[in-house]
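S.K.: Okay, predicted coordinates and the sequence, questions at the end:
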Amino acid sequence: MLIGAHVSASGGLYNAVSNGEEIGAQCIQIFVGSPRTWKTPTLGEKVLSRYREALANSEVVQDAVVHASYLINLGSSDPDLFERSKDLLISTVDVACAIEAYGVVLHLGSHKGHGLDAVEAQLADVFEEVGERLPRSSRTKLLLENTAGAGGTIGGSLEEVERILQLGAKRARVGLCIDTQHIFAYGYDLRNPEDRGRTIDKLSRFLDAVDCVHLNDSKSKCGGLHDRHENLGEGEIGEDALAAFLGASIFANSLVFLEVPGDGSGPRSSDVEAAKRLLTASG
């Protein structure tokens, strides 16, 4: 298990490595373009090479994932929005493969309450196209993130997550990113030992291992469906429940990323240290 955080790549992709080093992150999550614009990420070989060199030479940061844009909605019934979303994802996957990132973390978007059946065919289409790009890297995979469930977002329930992974696995290298705040907000009560055990059992039935974790406490109540992250120990879940949940064997080799607010500017070194203490206790 490696423990790190989402960090800024502002000013150059390679800066993400030094930003990770500054807070003691063993792994980093980055955006390779603005997460809130449709601009396709295109990075020259000089930038990519400088990033790869920085990561290879780092004595702290050992691995990285790319987070796809928040604008992507692969469940959209609008053909133009769907195509723009697919194109933006594919360009992001291309960059991730070029830097040999472990994976691309993806919010699938929303079916607007129409249900997974209504969007399954278009998701399959996306997995097919992404599956054709991933062989450019020996390791990069698509990491599907569970959601808090508001607004018909895809992948809130673990049953839906299982179906999507099965759909994707036939067409591409896919894996799972579990966000602890999202799973709690959806209604899986990690504080209750019985509920926590059932949640782990559900995951274990269709997964041998969880590829990565977004480790966050929650401002939202359990079942509140709101995507609202909080610093560890300052939210509704609490450190003890998070430690107990992540002590399950399916998380033993996960890449763990903090996405907490910190003091308003994102994860700090103190947050990373808190995560390391928490996860040491979980083992």
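M.R.: That came through fine.

S.K.: Need the residues that contact the longest helix along the chain.
M.R.: Under DSSP state H, the helix in the chain containing the largest number of residues is helix 79-98. With C-beta atoms under 8 Å, 6 or more residues apart in numbering as the test, helix 79-98 has contacts from 32-33, 38, 40-43, 48, 65-66, 68-69, 71-74, 76, 103-104, 106, 109, 122, 125-126, 129-130, 133-134, 136-137, 140, 142. C-beta: built from backbone N, CA, C; applies to glycine.

S.K.: which ones among those residues are found in strands?
M.R.: Residues of those located in strands (DSSP state E): 65-66, 103-104, 106, 142.

S.K.: a markdown table please, covering those residues and showing pLDDT and distance to residue 252.
M.R.: Putting the ones in strands among the contacts of helix 79-98 into a markdown table (pLDDT from 0 to 100; distance: C-beta to C-beta, whole Å) gives the following:
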| residue | pLDDT | distance to residue 252 |
| --- | --- | --- |
| 65 | 99 | 18 |
| 66 | 98 | 23 |
| 103 | 98 | 17 |
| 104 | 98 | 23 |
| 106 | 98 | 23 |
| 142 | 98 | 22 |
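
S.K.: that older thread, now the contacts of helix 79-98: which count as buried?
M.R.: Neighbour-count burial (16 or more other C-beta atoms under 10 Å) is assigned, among these, to 32-33, 41, 43, 48, 65-66, 68-69, 71-74, 76, 103-104, 106, 109, 122, 126, 130, 133-134, 137, 140, 142.

S.K.: among these, which are in helices?
M.R.: Per DSSP H, the subset of the buried ones among the contacts of helix 79-98 in helices is 48, 122, 126, 130, 133.

S.K.: got a markdown table for those, with distance to residue 87 and pLDDT too?
M.R.: As requested, these are exported to a markdown table (distance: C-beta to C-beta, whole Å; pLDDT from 0 to 100):
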| residue | distance to residue 87 | pLDDT |
| --- | --- | --- |
| 48 | 20 | 95 |
| 122 | 14 | 95 |
| 126 | 10 | 97 |
| 130 | 12 | 97 |
| 133 | 12 | 96 |
